[in-house]
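Trainee: with the input below, show me the fold.
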Amino acid sequence: MSKTMLNTLSNFYNTLDQKIEKPVQTHLRRVYFSLSASLLAAAAGAYVHLFTDFISGSVWSVLGSLVLLITINATIHTRENELYRFLALMAFSALSGLSTGPLLDFVISVNASLIVTAFMVTAVLFGCFTLAALVAPDRKYLYLIGTLLGMLSAMCWVSMFNMFIRSPALFQVNLYTGLAVMCGFIVYDTQLIMEKKRMGDNDYIRHSVDLFIDFIGIFRRTLIVLCQKEMQPRFLFSWK
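Mentor: Have a look, this model is predicted:
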């Protein structure tokens, strides 16, 4: 059994190695290293909110992360500013984690173990959709962009409309649609990163930002879904 599994993994790795060019493989390693560092920075930001009195997540942390995101996207990738942009990426990630703090506070009040569960679910989803993008024919998922942007636009309008009517049903539709859209962006962004590299774009920092946003988007929505599932039995019991 284990030997068969090892052979399967070996064949899968060889297939990827043959399909993806060496320069693209090197670029993807840099992207995923930066993504891993970003997730650690986000975890540090969340830790600061949860366990210290130094600073808490607020609208200011959201605005700060937006400023840093604009800064990263507005600067050109060069060797001279590579460290500066990487530090900006870490700061952006930390503020994103800090901004998630209030949501984590609520989840902890329900069941703290949901945070670990949500992270594991997010990691599995991210890994599966990433592999789907890597093994799929080149550019196959790039044509999803029209559908994804259309759904994203519809979600924004529904969110604005729901601010006035406060419909739980619309909130649920938006929540699960957003989860599906973020999963779609994983396969789209992964293939787009590979195509950009083939065209000479070496900006692995900006590319890792796209994947980080996808990961955080799925994580936050998964937290909300799991929290709702956890609270339903309590609500039914209290209603009875």
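
Trainee: now for the protein, the helix or strand with the poorest mean pLDDT.
Mentor: helix 2-19 (a mean of 64; mean pLDDT, DSSP states H and E).

Trainee: which positions within whatever helix or strand D189 lives in qualify as buried?
Mentor: Using DSSP states H and E, D189 sits in helix 168-198. Buried residues in helix 168-198, defined by neighbour count with 16 or more other Cβ atoms under 10 Å: 174-175, 177-179, 181-194, 196-197. In short, each C-beta sits where N, CA and C put it, glycine included.

Trainee: ok, and the closest non-adjacent residue to the residue most central in space within the chain?
Mentor: By Cα atoms, centre = their mean, the chain has its centre lying nearest to F215, at 1.4 Å. Among residues not flanking F215 along the chain, F126 sits closest, at 5.6 Å (Cβ to Cβ, 6 or more residues apart in numbering).

Trainee: who's in contact with that neighbour?
Mentor: For F126, the contacting residues are 186, 214-215, 218, by Cβ atoms under 8 Å, 6 or more residues apart in numbering.

Trainee: just curious, which of these is nearest to A74?
Mentor: Nearest to A74 among the contacts of F126: D214, at 20.9 Å, using Cβ to Cβ.

Trainee: hang on, that closest one packs against V187?
Mentor: No: contact criterion Cβ atoms under 8 Å: D214 and V187 do not qualify, at 9.6 Å.

Trainee: secondary structure class of R79, three-state.
Mentor: coil (DSSP: H, G, I helix; E, B strand; the rest coil).

Trainee: and for it, the neighbour number?
Mentor: 6 (other Cβ atoms under 10 Å).

Trainee: with the one 3 residues further on instead?
Mentor: Counted with other Cβ under 10 Å, residues neighbouring E82 total 13.

Trainee: can you give me phi and psi for I55?
Mentor: Dihedral angles of I55 (phi, psi; degrees, to the nearest 10) stand at phi -160, psi 150.

Trainee: ok, G64 next?
Mentor: phi -60, psi -40.

Trainee: do the same with A112
Mentor: Dihedral angles for A112 - degrees, to the nearest 10 - are phi -60, psi -30.

Trainee: burial count for it?
Mentor: Applying other Cβ under 10 Å, I find that A112 has 11 neighbouring residues.
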